[in-house]
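Participant: Show me the folded form of this:
(chains A and B)
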Amino acid sequence: GAVVSQHPSRVICKSGTSVKIECRSLDFQATTMFWYRQFPKQSLMLMATSNEGSKATYEQGVEKDKFLINHASLTLSTLTVTSAHPEDSSFYICSADRPNQPQHFGDGTRLSIL
Amino acid sequence: QKEVEQNSGPLSVPEGAIASLNCTYSDRGSQSFFWYRQYSGKSPELIMFIYSNGDKEDGRFTAQLNKASQYVSLLIRDSQPSDSATYLCAVSGNTGTASKLTFGTGTRLQVTL
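Facilitator: Below is the predicted model:
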């Protein structure tokens, strides 16, 4: 069964809206989660590393004020896309490190900004 | 700059044949290597991981790692139409947890009837 739960699976909203995506680890504690973005026909690009109880680490070129990450508990990380615009439309995927196991991915969130 | 290279394909193989997927990486310090399968519109799912040089087999899948050549491959035996997907190679600089992954662009596999 799934070990990482991601919600919502799909969001369609107007330009300027802020969108929050949740990533939960099921049955295990994840001190570290990762947020990726995937544009059509491209690979996954790491956006940021979410650390429980501390600030997220953003990859070069990712605006931390636009993509707000909160990892307030050991089982939940959230990504908020603030004032989303059409160019933010993408497939957002989270993952979590399970102890002594490779990363497991959530089912992804398809974000469409009109 | 860390890079992971894959042929984008499509790689077309007949049902029952062996599919061979290849990946090269530039960071000689890489320690962990992963193969993920991604169906269209879905998130990646882990197929295999390998840390040591040599072969690792799991059912119809075999991962092969050659650190000297900076090369990792995935063999799929007795290919089935359900294996048709994009296969992503991913590399990490660390073993264990909390490891950032660098992904290749993926190879699209088509298994024909």
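
Participant: Point out the residues in chain B that sit beside chain A.
Facilitator: Neighbours of chain A within chain B, by Cβ under 8 Å from any Cβ of the partner chain: B:32, B:34, B:36, B:41-46, B:49, B:88, B:96-106. Quick note: C-beta positions are derived from backbone N, CA and C, even for glycine.

Participant: tell me the contacts of residue 3?
Facilitator: Picked chain A for this. By Cβ atoms under 8 Å, 6 or more residues apart in numbering or on different chains, the contact set of residue A:3 is A:25, A:26, A:27, A:28, A:96, A:98, A:104.

Participant: that's the other chain; I wanted chain B
Facilitator: Going by Cβ under 8 Å, 6+ apart, residue B:3 touches B:25, B:26, B:27, B:102.

Participant: and what of residue B:66?
Facilitator: B:53, B:72.

Participant: For it, give the beta-bridge partners.
Facilitator: Residue B:66 has these beta-bridge partners by DSSP bridges: residue B:71.

Participant: rewinding a little: would you format the contacts of residue B:3 as a markdown table with neighbour count and secondary structure included?
Facilitator: Output for those, formatted as a markdown table (neighbours: other Cβ atoms under 10 Å in any protein chain shown; DSSP: H, G, I helix; E, B strand; the rest coil):
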| residue | neighbour count | secondary structure |
| --- | --- | --- |
| B:25 | 21 | strand |
| B:26 | 13 | coil |
| B:27 | 15 | coil |
| B:102 | 21 | strand |
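
Participant: From chain B, how far out is the spatially most central residue of chain A?
Facilitator: With distances taken as Cα atoms, centre = their mean, residue A:35 lies nearest the centre of chain A, 3.9 Å away. Taking Cβ to the nearest Cβ, to the nearest Å as the measure, residue A:35 falls 12 Å from chain B.
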